[in-house]
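Q: A structural model of the following input is requested.
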Amino acid sequence: MSSTPELTNPQAEQAAVACYLSTVVAVGNCIEEVCPAVGAMYRDRLHRLPRRLGFDATPQALEQSREAVETDLMEYSRTASAWIAAGSNHAAMLLEHLRRTEETLVASADLQRAFLQDLAEHIGTSAEVDEEAQLRVAFKRYAAGLRAYSRRALAEKLATIDELRRRREEIDAWLAQAKTSDFNDSETGLLNRQAAERRIQTQVGKNKPFCVILVGSHGLNMKDLADHLAATIRPYDVIFRWSQDELVTIFEASQAEIAARAQQIASWLGDGSSVTVLEHHAEEPAEQLIGRIESMLVPSPR
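A: This next block holds a predicted model:
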């Protein structure tokens, strides 16, 4: 009877890392399957982790990757659940609208049938009338009835069309919320402010200390500044373009813990940029922190 050979410590560590990385890839595939509209962006992030760890599978790097995976999964779950819930709500409203439309169409068909039957009877009666004056009165009454019916039918159809148009616009907006392109800055290829605000909301939800690093450009090309910033931070940290001249990244640590690191980043970036650290206060809503970031922006020269 054969037995599985015992692994040495290095072999066991390599096997554990390989298992962890394959699990991360599998999770990335699953979240895209569950909600393709939202999951594609997060799948790509998770699939990049094995390539990064392939060159640096140290305990510290593994812990950093675990934190990154945890944050991405939390952000994905919040985003996907909100998107799916909104879709369910839109579907329910659309079904209700279709039910009301069906009732309106049935009532309109009944009214049309009754009106036409009544009109036919009146025309038949008028055919027996010999007096021209009586015919004129009858025809005027028929014309008035037709005009009233036409106005009512038109109003009902226009109301139905307007309601359908509103539902279509709402569903279009809902679908657009999950477009990956809506979270990318076209000029630099970085994630944009909308994605940054989403990440801040996720970090607030984790109830752990974190800081926003605001990097301002003073004449530097934003793509070059982003490349320089990427070289000074961990491979798992994400850079966002916050405004025309500012980038942000987020560190999951207190301001005291990253003070020295922030000074190093400022030194490495040089005089063409500025670095500001904004620590999230306990119980501070995401909107308030976003407002503080906004207040630190330097107006662009006109």
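
Q: now the strands: where do they sit in this structure?
A: Along the chain, the stretches classed as strands by DSSP state E are 211-217, 239-241, 246-251, 273-279.

Q: nearest to residue 111, of the ones you listed?
A: Closest approach to residue 111 among the strands of the chain is made by strand 239-241 (57.9 Å; C-beta to C-beta). Backbone N, C-alpha and C define where each C-beta goes, glycine included.

Q: rebuild the strands of the chain as CSV, extending it with distance to residue 113 and mean neighbour count.
A: Conversion of the strands of the chain to CSV gives the following (distance: least, C-beta to C-beta, whole Å; neighbours: other C-beta atoms under 10 Å):
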stretch, distance to residue 113, mean neighbour count
strand 211-217, 67, 22
strand 239-241, 62, 24
strand 246-251, 65, 23
strand 273-279, 69, 18
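
Q: can you redo those strands as a markdown table with distance to residue 288?
A: Listed next are these as a markdown table, based on distance: least, C-beta to C-beta, whole Å:
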| stretch | distance to residue 288 |
| --- | --- |
| strand 211-217 | 12 |
| strand 239-241 | 18 |
| strand 246-251 | 16 |
| strand 273-279 | 11 |
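
Q: quick one: the ones you listed as TSV, columns for mean pLDDT too.
A: Below are the strands of the chain laid out as TSV (pLDDT from 0 to 100):
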stretch	mean pLDDT
strand 211-217	93
strand 239-241	92
strand 246-251	94
strand 273-279	92
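
Q: quick one, domains of the chain?
A: Split into domains by automatic domain parsing, the chain comes to 9-77, 85-176, 184-295.

Q: list the contacts for residue 53?
A: With contacts defined as C-beta atoms under 8 Å, 6 or more residues apart in numbering, the neighbours of residue 53 are 17, 21, 61, 62, 65.

Q: and the two most separated of the residues you listed?
A: Using C-beta to C-beta, the two most remote members of these are 21 and 61, lying 11.8 Å apart.

Q: circling back to that earlier point, so which of the strands of the chain is nearest residue 96?
A: Taking the strands of the chain one by one with C-beta to C-beta, strand 239-241 is closest: 39.0 Å.

Q: quick revisit: neighbour-wise, which of the contacts of residue 53 leads?
A: Highest neighbour count within the contacts of residue 53: residue 65, with 23 neighbours (other C-beta atoms under 10 Å).

Q: ok, that residue touching residue 50?
A: No. Counting by C-beta atoms under 8 Å, residue 65 sits too far from residue 50 to count as a contact (9.4 Å).

Q: what's in contact with stretch 113-120?
A: Here stretch 113-120 makes contact (C-beta under 8 Å, 6+ apart) with 142, 145, 146, 149.

Q: those in helices, which ones?
A: Assignment to helices by DSSP state H places the following of those there: 142, 145, 146, 149.

Q: let me have those residues in CSV, extended by neighbour count and pLDDT.
A: Formatted as CSV, the ones in helices among the contacts of stretch 113-120 follow (neighbours: other C-beta atoms under 10 Å; pLDDT from 0 to 100):
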residue, neighbour count, pLDDT
142, 15, 78
145, 14, 80
146, 12, 80
149, 15, 79
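
Q: and of the residues you listed, the nearest to residue 195?
A: Comparing these against residue 195 with C-beta to C-beta picks out residue 149 as the nearest, at 54.5 Å.
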